[in-house]
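K.L.:
Sequence first, predicted coordinates after that:
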Amino acid sequence: MIRSLYYSSGKPIRKDISPQEFPKLTRDRRGLLWVDFSEEPAENCLPILQSFGFHPLAIDDALQETHAPKLDDWRDYIYIVLNYMHLQGPDNEWEMEVDELDIFLGANFIITLHDHSISAIEDTWISCDRDPRTLQDGADHLLYKIADYLVAGYMPIVEKIDAAIDVIEDQVFDRPSPQTLEQLFTIKRVLLSMRRFILPQREVLNKLARDDYKVIDPKDRIFFRDIYDHLVRLHDLNESLRDLVSGALDTYLSVVNNRMNEVMKTLTIITTLFMPLAFVSGFFGMNFFEPLGLMQSWTSNIVFYAMLTVTILLPLTMFVWMRRRTWI
Amino acid sequence: MIRSLYYSSGKPIRKDISPQEFPKLTRDRRGLLWVDFSEEPAENCLPILQSFGFHPLAIDDALQETHAPKLDDWRDYIYIVLNYMHLQGPDNEWEMEVDELDIFLGANFIITLHDHSISAIEDTWISCDRDPRTLQDGADHLLYKIADYLVAGYMPIVEKIDAAIDVIEDQVFDRPSPQTLEQLFTIKRVLLSMRRFILPQREVLNKLARDDYKVIDPKDRIFFRDIYDHLVRLHDLNESLRDLVSGALDTYLSVVNNRMNEVMKTLTIITTLFMPLAFVSGFFGMNFFEPLGLMQSWTSNIVFYAMLTVTILLPLTMFVWMRRRTWI
Amino acid sequence: MIRSLYYSSGKPIRKDISPQEFPKLTRDRRGLLWVDFSEEPAENCLPILQSFGFHPLAIDDALQETHAPKLDDWRDYIYIVLNYMHLQGPDNEWEMEVDELDIFLGANFIITLHDHSISAIEDTWISCDRDPRTLQDGADHLLYKIADYLVAGYMPIVEKIDAAIDVIEDQVFDRPSPQTLEQLFTIKRVLLSMRRFILPQREVLNKLARDDYKVIDPKDRIFFRDIYDHLVRLHDLNESLRDLVSGALDTYLSVVNNRMNEVMKTLTIITTLFMPLAFVSGFFGMNFFEPLGLMQSWTSNIVFYAMLTVTILLPLTMFVWMRRRTWI
Amino acid sequence: MIRSLYYSSGKPIRKDISPQEFPKLTRDRRGLLWVDFSEEPAENCLPILQSFGFHPLAIDDALQETHAPKLDDWRDYIYIVLNYMHLQGPDNEWEMEVDELDIFLGANFIITLHDHSISAIEDTWISCDRDPRTLQDGADHLLYKIADYLVAGYMPIVEKIDAAIDVIEDQVFDRPSPQTLEQLFTIKRVLLSMRRFILPQREVLNKLARDDYKVIDPKDRIFFRDIYDHLVRLHDLNESLRDLVSGALDTYLSVVNNRMNEVMKTLTIITTLFMPLAFVSGFFGMNFFEPLGLMQSWTSNIVFYAMLTVTILLPLTMFVWMRRRTWI
Amino acid sequence: MIRSLYYSSGKPIRKDISPQEFPKLTRDRRGLLWVDFSEEPAENCLPILQSFGFHPLAIDDALQETHAPKLDDWRDYIYIVLNYMHLQGPDNEWEMEVDELDIFLGANFIITLHDHSISAIEDTWISCDRDPRTLQDGADHLLYKIADYLVAGYMPIVEKIDAAIDVIEDQVFDRPSPQTLEQLFTIKRVLLSMRRFILPQREVLNKLARDDYKVIDPKDRIFFRDIYDHLVRLHDLNESLRDLVSGALDTYLSVVNNRMNEVMKTLTIITTLFMPLAFVSGFFGMNFFEPLGLMQSWTSNIVFYAMLTVTILLPLTMFVWMRRRTWI
């Protein structure tokens, strides 16, 4: 879907202008044009982008997928790649999807390309449509709006993960299960891939806030600085969450190991207590000592009581010995 | 609670000035105004902050929570976020709370916002109240006072943790328990989150000590340098403590592992000693050798004494063999 | 094999020029000469390279093998080493081969040396042969073409590895086997050695995109920048894949460990349940209790039923006790 | 203890000058004054340090304990903190103590403060006392002497640790014991804390060797450079030793693990060999087969010899099977 | 042994000049003097080095042992420390020895000091002796020669280690033994200490290739650059080998762990199969069921066949159950 929005101060907003008009409109320095390509096949986008006179390499980047966030300065316009993400979970299963938003920003136009409907774009579009004053501050301010919405959308995701880790941390000490482990590994992976696009996105915003671009009003840099600060905090939160996950993993392994040790100790204690007893009873079960046969004295009452004493005292002695070695 | 303090050299200190007067007072370059917002809802703070003419983004940052320590220079004033922390433990349980202190510092005013009562603010407030000379050195020196109190408050916390680690280190070698492990993991987490705000706080102080700000007298930089040095040392201490915790964790795991090995060895030795004996006694318990039945020669005295010899010598031989393999 | 291609604007392409002509041709600033040495022994290359007047050290580097990617600037020409790679697998076994491509780039000539046929060279050669306009943009653009083909060739390899990891990740949770482990270690090694030449290659492209070289038209730098971006992304992908492999390894070890724990628990439970029972039955198998002998009362029916009760209740009690300790 | 030394070229050395004279003496640019505070309470030092006109913050730092090595430039003088260390062991137990040496260096005076007697100070003092020419080269050269002695004192400590690691490395392969582990952990901790003060000390010397200070003759920088080189080497040695300790720890764990495996294998083999035998003998011990009772044919000689064959062949077969699986 | 070589263009080479002549010869700017101290006690070297007018600190460094590679610029001469190494193995045991080569390089002299005969020095000496033209290019070129030989000597060592790792990698999967482990740890240590002197040596060569020294002709820098590239590659190779060793260690531990698991499973299966059987046969071995005594019905044929069925079916059932849990 291709849609467009044209604002010129004092005039009503024009919508869905034909692509042929775009170059003409951008020539009027006082207007502001926003073209949004949503889930549009590359072959439809190509001629329109070319009509803006963008460099072939920039167009190539915009039409191909899976670039990391970056910013290319082409003097009269800048080309920006941002990432956005959807996260499902943890009810059934964590599922994460990262997609890219390509933006061309000129002095008086902004062009956005994305493969899926993004709420950041939708919300900005609706607020522009409703209140044309939003467009008053120029294309760079519109970029700020979109980026602000985009970055604000990460916070609920981070909070969702935070809550999930809280639940898991309790499980780890109380009833560690392989499912706990699987969840931890999944969250770890989600956090890792989140980190992978937050970091370069932070760099893009840092450039917007610090560097000198022809299409960005120096006075607006402070706004990009604000988003940059949000991304710094998101990155910090991400690191904290990763630390928590690592800690939970370590705790899980230690708790499981501790339980294992307890189990092994029990095995050893049982074996150690009963093996000698089993031998003793086996010894007197041999046919040498048949009451009918020879060596009847071995089955006399005295021997029996002696044997009984051993049977009772031996495990007690071993128990005391093991306790002294602090096994039990 | 909103409270204020106004000092003008030669005049008595005025307290709890009405918010309407603030802008007028700050216009007098020789005075010094301190406004403190403590546990005050955002809607009450907003109009007052706006009356000072702060940038909307800075006000937003001040009224929202959970920012990392940072410093924003807005020419006529600087906006600073610092963190302070409370730690409870280790009597029952370690519990840590990190909160933020927002500061606006102008040439002749300082505004502090915080959600909980902070002893650093209280102590400075009382000393200003008692001795107006404290206010003589200007707003930047007041900031130094507050930051100094704040940072000094970390040391007892670090010492408490240090003492707790000492106790644990002894436990680890003597009687390692899952509780030891849990405590170590908790302390590790406390140190990690402590590190997370000491590092950016150090950066904030570094900026105050090195960079050129309109509202900070270059001669006062040396004081911020001093706090910076304290934070450097705190960070070093934090690292040392984390090393100690890591070492204690490693030791714990090794000690537990060693005990485990010892337990397993005992299991093996007992099994190895008694299994063959059990078989021997089981062998002669078979019904082939009934004294009444056939094969009586198998139950003759000679066989019995041979069997007895085996029963005594076998475990001895195995014991010697195992000792030679340095198992025991 | 030595082959050459000479393009001079307006004239037809000349092919397989005799080496003696090379120096003369390069003197004509408007022409473009490409000499390609493929699987050619060093002694044949040496005199030709010397005829171009290259520095002995550069020639040495070009004729010897196994250099890491690098770029040496010799004013009138630059010497570049790039790496390319073949990967076989995962049907039978992963096998990776890394080889080097040496390039001399002058103002109007390019010389390529390689030990195996490279598709990047072949494809460029064919496209030059077919369409002389490819050569119009000069030697530096030809270098871009070759490097672009080379780098584009990494993507299918990365995708192949990605798919293999996907397959393994499923195996890890369902049926972990030593073969899974072996495959993971192999992929890890492939990714590591891939990383080793992508990183310096990225640096080479970065230099081409940023630095000032006599033989590279500043306007063409943007093309090298594009390849550089591709390599940045490849490096990111490589890191992601390595994270996935590490995660899969951790998961594998945890899953195997969990299974092990389950097995050990079963062992302990069985031993703990049956050892006391075995002792009880052994006890009453001793010859003291022969119905013919003394102590007949020990083999009375009451004792038998008591014994039977113990035999049934003991394992049940232990089972309940173990369940309470959350072992089962 | 406060002691002092005053040298003026051509005159005999004056000792133990009264503190009131210090300011006057330092005004004579040709003299050299050394004041040493050893184990002196802070209240005695304070007035003397103030009489030199040092900044209150610098005096504070000097009188408080436990600062990391650092260098503060106050124009007319520099304030330096160095660390020295004592190490006891390994005969009974490793015990390490790190203490600080505070130094004020002016154009013609040096002031040293320390809480314990330091051999570096003592040796320099004695050599100054014995041979006044040592003092001829000025205060900065005296600083060099002290720092040189201090750093030279680390080497025997490092060598002692090196020797201890050598002894442990042999133990690790021959007879690993929990004591070995404990010693390794202790040495690791000693090396870690050693590293913690060598690194900033290196930085201090680096500053002295490179930066421009009013109180240090540029020609003398080469001497500080020499100490810096020693510290670089000490740091390298420290890293090597830490690598060795890490290696020894890994080896220890692997060796212990290997032994454990061997023990477990033996357990498994013994159990596997004797359990079936025990069952066979138990089977024929059942009362079904009483020679007096029914089923006498089960206790015939043929069955006995078959049973005997099984008893002998079964363990042999299992042994061969286990060997084929390379367990033994 | 002290030996010397003097070359003056147009004249025959003079050898073994008396030390008294050295200062005079170095004054002639057109000559070139090489003095080599091999295994010479410090007291013999000292006066000669002093006669060249070197700084006492530089002489100290040269006569003491065990410095890391470094380069000190003393204007009229530079002082360089390089390391060389011998490696024995892997036939019997890996043994590595690292030694240092001290070099003083002046405008027209070079002085080399070493404690053992080095092939790099010997080979350069012989080639100088045989062909005086080698000396024509000046002292800095002679330094290049020596350094080139030295660095070239590392490659066979690296290849030897590479081959040894190849052998071990095969062992790891086929027949892992504690010896494999020991070898891996040794190689790891060799690579670590190799890395420790390659890195600073690389830095020394980097300085020679980039910085401006009075005694090095800028035109000769390209040669040092070449050695620098070799060292870069050696460092890369070293890293690769260390990765391989780490990988092999991980594989070893995993393989051993897998075997361990297999062994434990077998133990568990055997115990689980035979323990219930042992109990059953023990149960019927009790004296309650004596054919002569009471409860003869318990030893009737029906019970026997029921018991026989249980004996056969029980292990089969458990086997199926364990297979379903994918243990076998």
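P.N.:
Cool, got the structure.

K.L.:
what's the helix or strand for A:Leu150?
P.N.:
Taking DSSP states H and E as the criterion, A:Leu150 maps to helix A:139-152.

K.L.:
ok, is the helix or strand following that helix in contact with chain C or not?
P.N.:
Next along the chain after helix A:139-152, taking DSSP H and E as the criterion, comes helix A:154-174. No. Under the criterion of Cβ under 8 Å from any Cβ of the partner chain, chain C is not reached by helix A:154-174; the shortest gap measures 9.0 Å. Placement of C-beta: from N, CA and C, glycine included.

K.L.:
sorry, back to before: what about the helix holding A:Leu150 and chain B, touching?
P.N.:
No. Using Cβ under 8 Å from any Cβ, helix A:139-152 stays clear of chain B, coming no nearer than 11.0 Å.

K.L.:
Flag every buried residue along that helix.
P.N.:
A:139-151 (16 or more other Cβ atoms under 10 Å in any protein chain shown).

K.L.:
how about the strands of chain A, start to end?
P.N.:
For chain A, the strands defined by DSSP state E cover A:2-8, A:14-15, A:31-38, A:70-73, A:77-88, A:95-106, A:109-114.

K.L.:
that older thread, can you give the distance from the helix holding A:Leu150 to the centre of its chain?
P.N.:
Helix A:139-152 sits 23 Å away from the centroid of its parent chain (Cα atoms, centre = their mean, to the nearest Å).

K.L.:
and what of stretch A:30-39?
P.N.:
Counting by Cα atoms, centre = their mean, stretch A:30-39 comes out at 32 Å from the chain centroid.

K.L.:
number of nearby residues for the nearest residue to A:Phe37 once chain neighbours are set aside?
P.N.:
The spatial neighbour of A:Phe37 that comes closest, neighbours along the chain excluded (Cβ to Cβ, 6 or more residues apart in numbering or on different chains), is A:Leu113 at 4.4 Å. For A:Leu113, the neighbour count with other Cβ atoms under 10 Å in any protein chain shown is 22.

K.L.:
In contact with A:Leu113, which residues are there?
P.N.:
A:Leu113 makes contact with A:Asp36, A:Phe37, A:Glu40, A:Cys45, A:Ala62, A:Leu63, A:Leu101, A:Asp102, A:Ile103 under the criterion Cβ atoms under 8 Å, 6 or more residues apart in numbering or on different chains.

K.L.:
from these, which is closest to chain C?
P.N.:
A:Ala62 (12.8 Å; Cβ to the nearest Cβ).

K.L.:
per-residue confidence at that closest one?
P.N.:
A:Ala62 carries a pLDDT value of 89.

K.L.:
Then A:Asp36?
P.N.:
pLDDT, read off for A:Asp36, is 94.

K.L.:
mind listing what it touches?
P.N.:
Neighbours of A:Asp36 in contact, by Cβ under 8 Å, 6+ apart: A:Met1, A:Ile2, A:Arg3, A:Ser4, A:Leu5, A:Ile111, A:Thr112, A:Leu113, A:Ile121, A:Trp125.

K.L.:
again with A:Ser177
P.N.:
A:Ser177 touches A:Gln171, counting by Cβ under 8 Å, 6+ apart.

K.L.:
pLDDT value on it, please?
P.N.:
79.

K.L.:
Kindly provide the distance from it to A:Ile168.
P.N.:
Taking Cβ to Cβ, to the nearest Å as the measure, A:Ser177 falls 11 Å from A:Ile168.

K.L.:
Dump stretch A:260-269 to CSV, keeping only the CA atoms.
P.N.:
Written as CSV, here are the backbone C-alpha positions of stretch A:260-269 (Å, rounded to 0.1, in the frame of the first residue of the first chain):
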residue,chain,number,x,y,z
MET,A,260,21.8,-34.2,42.9
ASN,A,261,24.4,-34.2,45.6
GLU,A,262,21.7,-34.8,48.2
VAL,A,263,20.3,-37.7,46.1
MET,A,264,23.8,-39.2,45.7
LYS,A,265,24.5,-38.9,49.4
THR,A,266,21.3,-40.8,50.2
LEU,A,267,22.3,-43.5,47.8
THR,A,268,25.7,-43.8,49.4
ILE,A,269,24.3,-43.9,52.9
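
K.L.:
thinking again about what came up before, which elements pack onto the helix holding A:Leu150?
P.N.:
Judged by 3 or more Cβ pairs under 8 Å, 6 or more residues apart in numbering or on different chains; DSSP states H and E, helix A:139-152 is in contact with strand A:31-38, strand A:77-88, strand A:95-106, strand A:109-114, helix A:119-130, helix A:221-283.

K.L.:
Contacts for that helix, please.
P.N.:
A:32, A:34, A:80, A:82, A:84, A:101, A:103, A:105-110, A:112, A:118-121, A:123-124, A:127-128, A:134-135, A:201, A:205, A:215-217, A:220, A:223-224, A:226-227, A:230-231, A:234.

K.L.:
what about burial for those, which qualify?
P.N.:
A:32, A:34, A:80, A:82, A:84, A:101, A:103, A:105-110, A:112, A:118, A:120-121, A:123-124, A:128, A:135, A:201, A:205, A:215-216, A:220, A:223-224, A:226-227, A:230-231, A:234.

K.L.:
For the residue nearest to A:Ile270 when sequence neighbours are not counted, which residues are in contact?
P.N.:
The shortest distance from A:Ile270 to any non-neighbouring residue, by Cβ to Cβ, 6+ apart, is to C:Thr272 (4.9 Å). C:Thr272 makes contact with A:Thr266, A:Leu267, A:Ile270, C:Met318, C:Met322, according to Cβ under 8 Å, 6+ apart.

K.L.:
if we take these, which one ends up nearest to A:Leu308?
P.N.:
For the contacts of C:Thr272, the minimum distance to A:Leu308 (Cβ to Cβ) is 20.9 Å, reached by A:Ile270.

K.L.:
so the closest one touches C:Met275, yeah?
P.N.:
Yes. Using Cβ atoms under 8 Å, A:Ile270 is in contact with C:Met275, at 5.4 Å.

K.L.:
Could you pull up phi and psi at the residue of chain A found nearest chain D?
P.N.:
Among all residues of chain A, A:Gly285 sits closest to chain D, at 7.1 Å; criterion: Cβ to the nearest Cβ. Main-chain dihedrals, A:Gly285, degrees, to the nearest 10: phi -90, psi 0.

K.L.:
Tally up the residues packed near it, please.
P.N.:
27.

K.L.:
Tell me how far it lies from chain B.
P.N.:
4 Å (Cβ to the nearest Cβ, to the nearest Å).

K.L.:
How about A:Tyr252?
P.N.:
For A:Tyr252, the distance to chain B - Cβ to the nearest Cβ - is 11 Å.

K.L.:
Would you agree that residue is in contact with A:Thr180?
P.N.:
Yes. Using Cβ under 8 Å, A:Tyr252 is in contact with A:Thr180, at 6.2 Å.

K.L.:
Which residues are in contact with each of the two?
P.N.:
Common neighbours of A:Tyr252 and A:Thr180 (Cβ under 8 Å, 6+ apart) are A:Val172.

K.L.:
low pLDDT regions in chain A?
P.N.:
A:66-67, A:89-93, A:290-299, A:326-328 (pLDDT under 70).

K.L.:
What residues does it have near chain E?
P.N.:
A:Gly285.

K.L.:
Report the buried residues of stretch A:191-211.
P.N.:
A:191-198, A:200-209.

K.L.:
still on that earlier bit, near chain D, from the buried ones among the contacts of helix A:139-152?
P.N.:
Within the buried ones among the contacts of helix A:139-152, nothing lies near chain D by Cβ under 8 Å from any Cβ.

K.L.:
what sits against whichever residue of the stretch 151-300 of chain A sits closest to chain E?
P.N.:
Using Cβ to the nearest Cβ, the closest approach of the stretch 151-300 of chain A to chain E is made by A:Gly285 at 7.1 Å. By Cβ under 8 Å, 6+ apart, A:Gly285 lies in contact with B:Ser281, B:Gly282, B:Gly285, C:Gly282, C:Gly285, C:Met286, C:Asn287, D:Gly285, E:Gly285.
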